[in-house]
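Participant: sequence-free structure coming up:
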């Protein structure tokens, strides 16, 4: 870990959201709404109806843009802002229209975006009631700041792969800057076509949030070690582990989803990594085990403007028993003196600290290590969008007794 974080325990605050106004709502004033003609407005209304009915906004917008190839760049931008904006702000727009929830009224109010003060937080930040309760319960002093942060789109964050972040690479990527916390990451301005970048096509870049990069680094993986990514998914952290070990470790990628592992196989091939064993569980104990557990994903809400409206709150209670079971199973693969990292991208204590503390009570041979970066008072890792400009992540680190 010292190689990446210099041996220094970094504090909790990098920068806070400016709360003098609501930056997420105020950014609507930067949108060129004049580009919406009456014909474009008419064509967008069925798309908005579809999103309000539960179709993911990104999918609905993609279909619309594919069927309207003749739109100008300005029209494409306002189409995206209209679909995503109504998808995100539907509750605030409904409050401003005094209950008129027709798509026409919501869209017209979005375009006007009046600066009315609203209470409660659910109306002001456009949250479902259940999410407002979660924020007030989990982040009582920071609920408004967190809500404002997840109402702004997350930046385009990439992990640099197989090459140092040098001036030549940065110069080849217009406007690129280094991440504040991850030594592996860069931020690109705007919404560039990542897949069209020559550096991406050469396997030198992978989209990955800065907080996710930090989770991978907490494992402190080394070349020649045996490593298990127990919930590998599509493999963002698996690829990071292959990269930081210079493709000289043995990395087992396990996940119940064959579709996600298929995507990992494609990404690993593009990067040229040979150290990853896909859909594999080790037969001998591992030096490092990562459990990036299934969770409610409330820390990543800024990645989808309508995600909060598509989450069924009744499913929240299903995660803790699943997480305890997965963590218990993964821990059996850790060798004596090995390291275990448990991580989620949610803010709920029931899925974070409570899982970690239960594990420690039931597995006394595992001892918590303090996080070397963004530590909580209890030594856990926590990154939050309103404080660190990352998605929201939690992690606990343990070592097993010799």
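Facilitator: Structure received. Only a predicted model underlies this, so the values are computations on that prediction, with no experimental measurement involved. Residues are numbered from 1 along each chain as shown.

Participant: What's the first helix or strand after whatever helix or strand residue 319 lives in?
Facilitator: In the assignment (DSSP states H and E), residue 319 maps to helix 319-331. Sequence-wise, the next helix or strand downstream of helix 319-331 (DSSP H and E) is strand 334-344.

Participant: Could you list the domains of this protein?
Facilitator: 2-12+209-400, 23-116, 156-207 (automatic domain parsing).

Participant: Give me whichever of those is most buried.
Facilitator: Highest mean neighbour count of those: domain 2-12+209-400, a mean of 19 (counted as mean count of other C-beta atoms under 10 Å). Placement of C-beta: from N, CA and C, glycine included.

Participant: tell me the mean pLDDT over that one?
Facilitator: For domain 2-12+209-400, mean pLDDT rounds to 93.

Participant: now do stretch 169-182
Facilitator: pLDDT averaged over stretch 169-182 gives 93.

Participant: And stretch 94-105, by the same measure?
Facilitator: 92.

Participant: got the contact list for that stretch?
Facilitator: Residues outside stretch 94-105 that contact it (C-beta atoms under 8 Å, 6 or more residues apart in numbering) are 45, 48-49, 52, 86, 90, 93, 106, 109, 114, 116, 118, 123.

Participant: Run through the residues that contact residue 33.
Facilitator: Counting by C-beta under 8 Å, 6+ apart, residue 33 has contacts 78, 111.

Participant: go with 6 Å
Facilitator: residue 111 (C-beta atoms under 6 Å, 6 or more residues apart in numbering).

Participant: any idea how far the residue nearest the centre of the chain is from residue 346?
Facilitator: Centroid check for the chain by C-alpha atoms, centre = their mean gives residue 300 as the closest residue, at 4.0 Å. According to C-beta to C-beta, to the nearest Å, residue 300 stands 8 Å off from residue 346.

Participant: Let me see the ranges of the strands in the chain.
Facilitator: Using DSSP state E, the strands found in the chain span residues 156-160, 177-178, 185-188, 205-207, 226-229, 250-253, 276-278, 286-292, 334-344, 366-369, 381-383, 393-400.

Participant: Take those and lay them out in JSON lines including distance to residue 40.
Facilitator: Below are the strands of the chain laid out as JSON lines (distance: least, C-beta to C-beta, whole Å):
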{"stretch": "strand 156-160", "distance to residue 40": "26"}
{"stretch": "strand 177-178", "distance to residue 40": "35"}
{"stretch": "strand 185-188", "distance to residue 40": "28"}
{"stretch": "strand 205-207", "distance to residue 40": "30"}
{"stretch": "strand 226-229", "distance to residue 40": "45"}
{"stretch": "strand 250-253", "distance to residue 40": "45"}
{"stretch": "strand 276-278", "distance to residue 40": "45"}
{"stretch": "strand 286-292", "distance to residue 40": "41"}
{"stretch": "strand 334-344", "distance to residue 40": "41"}
{"stretch": "strand 366-369", "distance to residue 40": "55"}
{"stretch": "strand 381-383", "distance to residue 40": "39"}
{"stretch": "strand 393-400", "distance to residue 40": "39"}
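
Participant: re earlier: can you give me the angle the helix holding residue 319 makes with strand 334-344?
Facilitator: In terms of direction (axes from the mean of the first three to the mean of the last three C-alpha atoms, to 10 degrees), helix 319-331 departs from strand 334-344 by 150 degrees.

Participant: could you say what helices and strands helix 319-331 packs with?
Facilitator: Applying 3 or more C-beta pairs under 6 Å, 6 or more residues apart in numbering; DSSP states H and E, we find helix 319-331 packed against strand 286-292.

Participant: gap between the strand it packs on and the chain center?
Facilitator: Distance of strand 286-292 from its chain centroid, counting by C-alpha atoms, centre = their mean, to the nearest Å, is 20 Å.

Participant: picking up where we left off before, which one, of the domains of the chain, ends up nearest to residue 144?
Facilitator: Set against residue 144 and scored by C-beta to C-beta, the domains of the chain come closest in domain 2-12+209-400, at 9.0 Å.

Participant: quick revisit: from what I see, the residue nearest to the centre of the chain and residue 390 are in contact.
Facilitator: No. Contact status for residue 300 versus residue 390: not in contact, 9.9 Å apart, counting by C-beta atoms under 6 Å.

Participant: per-residue confidence at the closest residue to residue 306 other than its chain neighbours?
Facilitator: Nearest non-adjacent residue to residue 306, counting by C-beta to C-beta, 6 or more residues apart in numbering: residue 87, 3.7 Å away. With respect to pLDDT, residue 87 scores 96.

Participant: how about residue 87, what does it touch?
Facilitator: Residues in contact with residue 87 (C-beta under 6 Å, 6+ apart) are 51, 57, 305, 306.
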